[in-house]
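**Student:** with the input below, show me the fold.
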Amino acid sequence: MGITRRSFITRAAVAGITAASIITGAGKAAASVSARGNFALLHDLDKCDGCPHLDTPACVAACRIKNKPNFPEPQQPIKYYWPQKNFEDWSGKRDVTTRLTPYNWTYVQHLEFEHKGQKVKVHIPRKCMHCDNPPCSTLCPFGVNDKTPEGAVIIDPKGCFGGAKCRDVCPWHIPQRQAGVGLYLKVAPDYAGGGVMYKCDMCHDLITQGEQPACVSACPRGAIQFGNKEGLRQYARQWADENNGYVYGDAENGGTANFYISKVPFEAINEAIQAQDLDGKPGKIGMPVNIENPLDEPGKMMSGFLMAPVAGVLAAAVSTYQIMKGGTDDED
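**Tutor:** Numbers count the residues shown, from 1 in each chain. The predicted model follows:
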């Protein structure tokens, strides 16, 4: 006898009780990858001019061209899913390049502000920070968000349910969600899910082939470097010492694989971002200095684990779906 949607949901709910009990082990698993990661990115804000001669900064355009095959193609119309009353749909705004979206994984923040009595211009390419110990990976209830040995933090869209827990715990709220795509459409479209989360993956496929990320190759001023993580870290620190400058990404969230160097302090840069560039809409992010891992706060860690029972049901649903494939879905 085939498995109906009703019997599938019942099985998933029962299995979820067991699956939820292992969610609390995710932190230990994620911690084991904190020392991994051979590569990193370094952004020299003293060199980046924001590509004023181009409609779209070169790094942003290159990222979009390279990742276009990976962009989501949602089913239409997109349905609401219980218990949500809305969904996130960027499919009609694919050309937006001034913020992070499921179709735009990097953007450049253009800032002009006064610092120490002088007007300064700063252009900041923004993307995933690829943390050493990423909270997004720690709390991903589906095990599809992982820190790779190369240093990139990647999301597997084939198993993502779009719960956005990764965005909630990210100190910069980087991942963005597109509804109407993903495994939840096949498993339980009326009851769970939300789409798939998307973000920069450091062009993981390219770096495993010995190539550079697309943004690095495209930068006309050499403002983005890619290479050995410790080498770039030491370069950034030495540059800061020699130029009376500052480093960002070395200490934030316990360390990342995405460094920035600047002659303007990042406290001032973050103030300018807050004043000029954040408009309350998703995908525009701040640059808080010395920000800590949110999971170090007991309250936030607990709120993440409170998601475990629901996450357990959905995680169990993935394996149950494999059984369900051969069944029928005729009965409501």
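**Student:** and the gap between Arg237 and Lys284?
**Tutor:** The gap separating Arg237 from Lys284 is 29 Å, by Cβ to Cβ, to the nearest Å. C-beta coordinates here come from the backbone N, C-alpha and C atoms, glycine included.
**Student:** quick one: mean pLDDT for the strand or helix carrying Phe259?
**Tutor:** Using DSSP states H and E, Phe259 maps to strand 258-262. Strand 258-262 shows a mean pLDDT of 98.
**Student:** mind listing the strands that strand pairs with, and their directions?
**Tutor:** strand 39-44 (parallel), strand 246-248 (antiparallel) (DSSP bridges).
**Student:** contacts for stretch 213-226?
**Tutor:** 39-45, 47-49, 51, 58-63, 65-67, 106, 125, 127, 202-203, 206-207, 211-212, 232, 235 (Cβ atoms under 8 Å, 6 or more residues apart in numbering).
**Student:** check which residues of it are buried.
**Tutor:** 213-219, 223-226 (16 or more other Cβ atoms under 10 Å).
**Student:** just checking, what packs against the helix or strand hosting Ile154?
**Tutor:** Assessed by DSSP H and E, Ile154 sits inside strand 153-155. On a contact count with 3 or more Cβ pairs under 8 Å, 6 or more residues apart in numbering; DSSP states H and E, strand 153-155 meets strand 145-147, strand 196-198.
**Student:** okay, these in a markdown table with mean neighbour count next?
**Tutor:** What follows is those, written out as a markdown table (neighbours: other Cβ atoms under 10 Å):
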| stretch | mean neighbour count |
| --- | --- |
| strand 145-147 | 22 |
| strand 196-198 | 28 |
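**Student:** for Lys85, find the nearest of those strands.
**Tutor:** strand 196-198 (19.9 Å; Cβ to Cβ).
**Student:** residues in contact with that closest one?
**Tutor:** 70-72, 101-103, 105, 145, 155, 157, 160, 162, 164, 166-167, 175-178, 181-182.
**Student:** now intersect these with the helices, please.
**Tutor:** Using DSSP state H, the subset of the contacts of strand 196-198 located in helices is 166-167.
**Student:** out of the contacts of strand 196-198, which are buried?
**Tutor:** Burial by neighbour count, judged by 16+ other Cβ under 10 Å, picks out 71-72, 101-103, 105, 145, 155, 157, 160, 162, 164, 166-167, 175-178, 181-182 from the contacts of strand 196-198.
**Student:** restrict the strand holding Phe259 to CA atoms and write it as PDB.
**Tutor:** Coordinates of the C-alpha atoms in strand 258-262 are reproduced here as PDB (Å, rounded to 0.1, in the frame of the first residue of the first chain):
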ATOM      1  CA  ASN A 258      36.500  37.200   5.500                       C
ATOM      2  CA  PHE A 259      38.800  40.100   6.500                       C
ATOM      3  CA  TYR A 260      38.500  43.800   5.800                       C
ATOM      4  CA  ILE A 261      41.300  46.400   6.200                       C
ATOM      5  CA  SER A 262      40.700  50.200   6.400                       C
END
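**Student:** tell me the first helix or strand C-terminal of it.
**Tutor:** helix 266-276.
**Student:** check what pLDDT the residue sitting nearest the centre point of the chain gets.
**Tutor:** The residue lying closest to the centre of the chain (Cα atoms, centre = their mean) is Pro175, at 3.4 Å. With respect to pLDDT, Pro175 scores 97.
**Student:** Ala164 is in contact with that one, correct?
**Tutor:** Yes. Taking Cβ atoms under 8 Å as the definition, Pro175 is a contact partner of Ala164 at 7.3 Å.
**Student:** which strand residues bridge the nearest residue to Ala164 once chain neighbours are set aside?
**Tutor:** Closest residue to Ala164 apart from its sequence neighbours, by Cβ to Cβ, 6 or more residues apart in numbering: Arg177 at 5.4 Å. Beta-bridge partners of Arg177, counted by DSSP bridges, are Met197.
**Student:** residues contacting Arg177?
**Tutor:** 88, 102, 162, 164, 167, 194-198.
**Student:** let's see that with 6 Å instead.
**Tutor:** Counting by Cβ atoms under 6 Å, 6 or more residues apart in numbering, Arg177 makes contact with 88, 162, 164, 195, 197.
**Student:** next, count neighbours for the closest residue to Pro213 other than its chain neighbours.
**Tutor:** Spatial nearest neighbour of Pro213, chain neighbours left out: Cys203 (3.8 Å); criterion: Cβ to Cβ, 6+ apart. For Cys203, the count of nearby residues is 23 (other Cβ atoms under 10 Å).
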